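[1] Any chance you could fold what I've pasted below:
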Amino acid sequence: MQGSRILWFSLATAAVLLGVLAICGRGRADMFDMTGVDPWDRCGDCHGLDGAGNRIKFPRLGGQKQSYIIKELYDFRAGRRKNDDGQMQQNANEIAAADIGRVADWFASQTPSWPKITIDAEPDIPLARKLAMSGVRGIPACLSCHSVAALGMLDEPFDAPRIAGQRDYYIAKELTDFRDGRRSNDPKQMMQKIAKRLTNDEIVSLSIFLSQNPGLHDLVVP
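    A predicted model of the protein is given here:
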């Protein structure tokens with residue numbers, strides 16, 4: 001009799017556990033059900049659905065060039081560009097190839113407010129203006145490539161991102177990554193060569209100046 005009770009209790013417990021697991025399984029499946037979710041929604045946690053860039057380290061994608069967003073997503077997918085801990089490579093590969101253009105279109109069409117200064121430093125604005133608009137020490141002006149006109153790319157066209165109005169921390173981080181070899185997906189190592197010629201103070205000043213003057217993107221700079 002005692003053995004029967006133990007057996008009955010074991011069977012009843014197992015049935016309850018199976019029921020719980022079945023419920024949890026359904027809940028877990030529901031959590032990952034992507035039906036009706038737009039492909040750019042997965043980008044929103046870090047970059048904001050309006051592309052403003054949540055928190056300091058995530059770049060503003062709103063108003064960015066559609067062609068550049070596409071290029072960078074494919075670079076992440078292929079491992080040509082890596083970021084901290086490989087998170088973007090994983091996220092980019094979770095976007096269906098057929099949806100990459102849609103994601104780029106979405107963010108390119110967004111117009112969030114421009115970011116505020118986040119770097120705590122006193123920038124050398126006159127020097128930063130020269131770096132951005134005329135160049136110094138043989139370094140070409142940033143806006144000769146990173147602007148609407150992009151006259152510096154007439155001979156060798158490639159996708160240069162909009163940087164005027166980008167987050168200052170992100171500009172500084174990418175310039176430092178190019179300089180130190182952590183990023184290398186630039187055509188002909190152009191950005192790596194330029195960044196190696198910039199000092200830390202110049203990177204900080206330039207990043208703040210570009211971030212706080214989004215209208216620079218519309219200038220024609222030789």
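
[2] Least confident secondary structure element in the protein?
    helix 2-31 (a mean of 41; mean pLDDT, DSSP states H and E).

[3] Can you tell me the closest non-neighbouring residue to Gln212?
    Distances taken as Cβ to Cβ, 6 or more residues apart in numbering place Ile117 nearest to Gln212, at 6.3 Å, with adjacent residues excluded. Placement of C-beta: from N, CA and C, glycine included.

[4] and the most centrally placed residue in the chain, what is it in contact with?
    Closest to where the C-alpha atoms of the chain average out (Cα atoms, centre = their mean) is Pro59, at 4.9 Å. The neighbourhood of Pro59, defined by Cβ atoms under 8 Å, 6 or more residues apart in numbering, consists of 47, 53, 166-167, 170.

[5] Pull the most distant pair out of those.
    His47 and Gln166 (12.2 Å; Cβ to Cβ).

[6] Between the two, which contacts overlap?
    59-60.

[7] For those two, indicate the residue with more neighbours.
    Gln166 (25 against 21; other Cβ atoms under 10 Å).

[8] The residue nearest to that one when sequence neighbours are not counted - how many residues pack around it?
    Spatial nearest neighbour of Gln166, excluding adjacent residues (Cβ to Cβ, 6+ apart): Arg60 at 5.6 Å. Residues within reach of Arg60, counting by other Cβ under 10 Å, total 26.

[9] Retrieve the pLDDT associated with Arg60.
    Here the pLDDT value assigned to Arg60 is 97.

[10] same check, this time on Asn54
    At Asn54, pLDDT is 84.

[11] List the residues that contact it.
    Asn54 touches 45-48, counting by Cβ under 8 Å, 6+ apart.

[12] closest to Asp85 among those residues?
    Closest approach to Asp85 among the contacts of Asn54 (Cβ to Cβ): Cys46, at 12.5 Å.

[13] Number of residues surrounding the closest one?
    Neighbour number of Cys46 under other Cβ under 10 Å is 16.

[14] my guess is it contacts Leu61, does it?
    No: using Cβ atoms under 8 Å, Cys46 is not in contact with Leu61, being 9.6 Å away.

[15] and for the two, which residues touch both?
    Gly53.

[16] tally of neighbours for the nearest residue to Arg80 once chain neighbours are set aside?
    Excluding the flanking residues, the one nearest Arg80 by Cβ to Cβ, 6+ apart is Asn185, at 4.6 Å. Around Asn185 there are 18 other residues, counting by other Cβ under 10 Å.

[17] Please tell me the pLDDT value assigned to the residue nearest to Pro39 when sequence neighbours are not counted.
    Nearest in space to Pro39, with sequence neighbours left out and distances taken as Cβ to Cβ, 6+ apart, is Asp99 at 3.8 Å. Note on Asp99: pLDDT of 97.

[18] which stretches of the chain form helices?
    For the chain, the helices defined by DSSP state H cover 2-31, 44-47, 66-78, 87-94, 100-108, 125-133, 168-180, 190-195, 200-211.

[19] who's in contact with Leu219?
    133, 143, 147, 149 are the contacts of Leu219 under Cβ under 8 Å, 6+ apart.
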